[in-house]
Every structure is written in structure tokens, then in C-alpha cells.
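Okay, predicted coordinates and the sequence, questions at the end:
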Amino acid sequence: MNSNVTLVDHPLIQHKLTLMRETGTSSAVFRQLLREISTLLTYEVLRDIPLTTKKITTPMQEMDAPVIAGRKLAFISILRAGNGLLDGMLDLVPLARVGHIGIYRDHDTLEPVEYYMKVPSEIGDRLVIAVDPMLATANSASAAITRLKEVGAKNIKFVCLLSAPEGIEALTAEHPDVPIFTAAIDEKLNEKGYILPGLGDAGDRMYGTK
């Protein structure tokens, strides 16, 4: 496996992912499962986040206790499906700053088209976690990360639910400095750029659209 990729294969994640893949899963259940998985993914993504200490007083005595160092994290949702991962991550880290990049994939060319971007200030001083449930062709993810770098982001991680080997290869080639965290690496892409076996279009399944 690509050394730039962390496969988060905890049994709870794999079980919930199987439920998400099934065609009969409702949009409401799909959203809830995605939120739960994103919380579990966040534990792994932030495993090496730096700590410092602060002096606190417990009911027993004073102590130097660990706290996260530096500026608040920045979670960047690649719209629209990225919001499904974002919700669960904010459950775990509610003080994180949040940004959004609106990019959609042209269904004919498969190329990314940007229509919106707003990210937190001083992004160069923050750990930036870019999120999108699907890493398929990687065109949208790569374009989003390029834009984040253009506005000063230096420490970026990418988190997805499902990935295709082609997407991993493309994103790693374009951004070798950006680690990828994924819950599953599927077989391949089909001729339309969808992941197989996959789970369909994550945005459509989240919101009940087609």
C-alpha cells in the first residue's frame, strides 16, 4: 500500500461502512452513519497532534495537564458531500475553525469546477484537515488542496470515506506532502469515474437527490 495512505480499518468503521454501501439504506441513516464514521476517523487523523501543558487545579491538587498546542485546527469541507464528514468531526473537536470549498466534478469532462471558497484566517499556522467522502479521480480533492496551498496552508491532511487506487495515485502524485486517511480502498473506477464497488454518489445519498 502507498506509504502516504493510512487505512483506518477499525471493525466499527467497517461495519458501519457496509451499512452505508447497501442500496436500501435511507438518506437519514446514511447521514448518521457517515457522521459516526467521521468521528472515528478523526481519532486516527489527530493521533499525532502536538500537545503542550497548562496548569490546572483538580479537586485534589494542582497539576500540569496536557492540552492541544498551537492555533485551533481548521476543518475544510469540500462541498457538498464533505459536510457529512464535517459534522462528526465537529462533534469531537467543536472549537475547530471551519472552511468550505465549493467544487463539483463536470460529469462530461470529470474536471473540477470551483464555485465557492471561504477559509479561516491565518491558515498557514493551522493544521488543515480537508474532507470529502469520496476520493475517486482525485480531481476535486487535488484542486481543493492546490487552492488551500495558494492561500497559505502548509500542514494539510486529506480525509475520505472511500478511495480508489487511481485517486490515491493521482493525489499523491500532485500533492506528495499531503497524507491521505481513508476507511476503505476499493477496487477501481468505472468509465464514468465512480468508485467500484463504492456506494454511489455520496452527496445524492446524503440528501436524497439525483
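Great, that's in hand. Residues are numbered from 1 along each chain as shown.

need the contact list for Gly99.
Gly99 makes contact with 74-77, 117-120, 123, according to Cβ atoms under 8 Å, 6 or more residues apart in numbering. Where C-beta positions appear, they are placed from N, C-alpha and C, glycine not excepted.

at 6 Å instead, please
Contacts here follow Cβ atoms under 6 Å, 6 or more residues apart in numbering; on that basis Gly99 touches 76, 119-120.

so Glu114, which of the three states?
What DSSP: H, G, I helix; E, B strand; the rest coil gives for Glu114 is strand.

Please verify my assumption that it contacts Ile101.
No: with contacts counted by Cβ atoms under 6 Å, Glu114 stays clear of Ile101, the gap being 7.1 Å.

Those two: which is more packed in?
Ile101 (25 against 13; other Cβ atoms under 10 Å).

what's near enough to touch the more buried one?
Ile101 neighbours (Cβ under 6 Å, 6+ apart): 78, 117, 144.

Now the element after the one helix or strand Arg147 maps to, going C-ward?
According to DSSP states H and E, Arg147 maps onto helix 139-150. Counting by DSSP H and E, the next helix or strand C-terminal to helix 139-150 is strand 155-163.

Between helix 139-150 and that next one, find me the angle.
Relative orientation of strand 155-163 versus helix 139-150 (axes from the mean of the first three to the mean of the last three Cα atoms, to 10 degrees): 170 degrees.

And the contacts of strand 155-163?
With Cβ under 6 Å, 6+ apart as the test, strand 155-163 has contacts from 41, 45, 127-135, 178-186, 195.

Which pLDDT does the model give Met117?
Met117 is assigned 94 on the pLDDT scale.

partner residues bridging it?
Ile101 (DSSP bridges).

residues near it, how many?
The burial count for Met117: 17, using other Cβ under 10 Å.

Quick check: longest helix in this protein by residues?
For the chain, the helix with the greatest residue count under DSSP state H is helix 27-45.

Give the buried residues for that helix.
For helix 27-45, burial by neighbour count (16 or more other Cβ atoms under 10 Å) applies to 30-42, 44-45.

Quick check: phi and psi on Thr57?
As for Thr57, its main-chain torsions (degrees, to the nearest 10) stand at phi -120, psi 120.

What helix or strand is the closest residue to it other than its chain neighbours located in?
Spatially, and ignoring its direct neighbours in sequence, Thr57 is nearest to Met63 (7.9 Å; Cβ to Cβ, 6 or more residues apart in numbering). Taking DSSP H and E as the definition, one finds Met63 inside strand 62-68.

tell me what that strand is packed against?
strand 51-57 (3 or more Cβ pairs under 6 Å, 6 or more residues apart in numbering; DSSP states H and E).

How far away from the center of its chain is the strand it packs on?
Remark: strand 51-57 is offset 29 Å from the chain centroid, using Cα atoms, centre = their mean, to the nearest Å.

which residues touch it?
The contact list for strand 51-57, computed with Cβ under 6 Å, 6+ apart, reads 64-67, 69.

in that strand, what counts as buried?
Counting neighbours by 16+ other Cβ under 10 Å, strand 51-57 gives no buried residue.

what are the pairing partners of that strand, and which direction each?
strand 62-68 (antiparallel).

Output the next helix or strand after the strand it pairs with in CSV with nothing but the alpha carbons.
Remark: after strand 62-68, the chain's next helix or strand is strand 74-79, criterion DSSP H and E. Taking C-alpha atoms only, strand 74-79 is exported to CSV below (Å, rounded to 0.1, in the frame of the first residue of the first chain):
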residue,chain,number,x,y,z
ALA,A,74,-9.1,24.1,10.5
PHE,A,75,-11.6,21.6,9.0
ILE,A,76,-12.2,22.3,5.3
SER,A,77,-15.3,20.7,3.7
ILE,A,78,-15.2,20.1,0.0
LEU,A,79,-18.8,20.8,-0.8
